[in-house]
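1. the following block contains a protein sequence and its predicted model.
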Amino acid sequence: MRLRPLVLAAALAVPFATAAAQDAPAAARPDSLGLARKYVAWFYAAEVDSLWAHTAQGFRENIGTADWWRQRADQFAMRAGTETEVIEERFRMRNGRPQYWRTARFSDFGEPLLLRFVIDDAGLISGLGMGPLSQAPPTDD
């Protein structure tokens with residue numbers, strides 16, 4: 001029964017790893033590119049339920065209903081077409097809050113478009129912006 005010590009060691013490591021993750025500093029906010037890319041994919045696919053489930057309460061109160069996401073996604077797709085090339089994606093600070101900025105070319109739009117998601121400390125969407133790159137808003141950085 002040589003496996004028993006390994007199983008016990010694995011069982012003891014799980015609670016330790018969980019405790020270590022809980023002690024992570026507040027600076028380890030969930031503003032990863034992976035999370036932002038997931039939000040963009042949901043937006044392009046008009047996955048309204050997923051977007052609504054990850055919308056911060058304050059933003060929900062501003063936009064009213066989950067259908068707001070469908071309207072924005074449909075309008076964006078009608079005007080822009082489909083994404084053909086990602087030019088740049090990065091986080092920028094604007095009005096003291098991190099925003100994911102995705103600059104891309106689209107099939108039905110003459111210039112690059114900028115899609116911006118504001119992501120709060122909990123990793124929830126607390127704002128959305130979109131428009132031509134030439135009309136990008138000022139940033140804090």
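-> Here it is on my side, so go on. Numbers count the residues shown, from 1 in each chain.
2. now do the contacts for the residue most central in space within the chain.
-> For the chain, the residue nearest the mean C-alpha position is Ala36 (2.6 Å; Cα atoms, centre = their mean). With contacts defined as Cβ atoms under 8 Å, 6 or more residues apart in numbering, the neighbours of Ala36 are Glu89, Phe91, Tyr100, Arg102, Phe117, Ile119. The way it works is simple: take the backbone N, C-alpha and C, and place the C-beta from them, glycine included.
3. likewise Leu124?
-> Shown in contact with Leu124 (Cβ under 8 Å, 6+ apart): His54, Thr55, Ala56, Phe59.
4. tell me how far the residue nearest to the centre of the chain lies from Arg60.
-> Separation of Ala36 from Arg60 (Cβ to Cβ, to the nearest Å): 19 Å.
5. how many other residues sit next to Phe76?
-> 19 (other Cβ atoms under 10 Å).
6. what's the helix or strand hosting it packed up against?
-> Using DSSP states H and E, Phe76 maps to helix 67-80. Contacts defined by 3 or more Cβ pairs under 8 Å, 6 or more residues apart in numbering; DSSP states H and E place helix 67-80 against helix 33-44, helix 48-53, strand 125-132.
7. buried residues, the last one. List them.
-> Within strand 125-132, the residues that qualify as buried by neighbour count (16 or more other Cβ atoms under 10 Å) are Ile125, Ser126, Gly127, Leu128, Met130.
8. what do you get for the longest one?
-> Neighbour-count burial for helix 33-44, with 16+ other Cβ under 10 Å as criterion, is recorded at Leu35, Ala36, Tyr39, Val40, Trp42, Phe43.
9. you'd agree Ile125 is up against Phe117?
-> Yes - using Cβ atoms under 8 Å, Ile125 is in contact with Phe117, at 5.8 Å.
10. hang on, the earlier thing: got the contacts of Leu124 as a markdown table, with secondary structure and distance to Leu113 columns?
-> Rendered in a markdown table, the data for the contacts of Leu124 read as follows (DSSP: H, G, I helix; E, B strand; the rest coil; distance: Cβ to Cβ, whole Å):
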| residue | secondary structure | distance to Leu113 |
| --- | --- | --- |
| His54 | coil | 22 |
| Thr55 | strand | 22 |
| Ala56 | coil | 24 |
| Phe59 | helix | 21 |
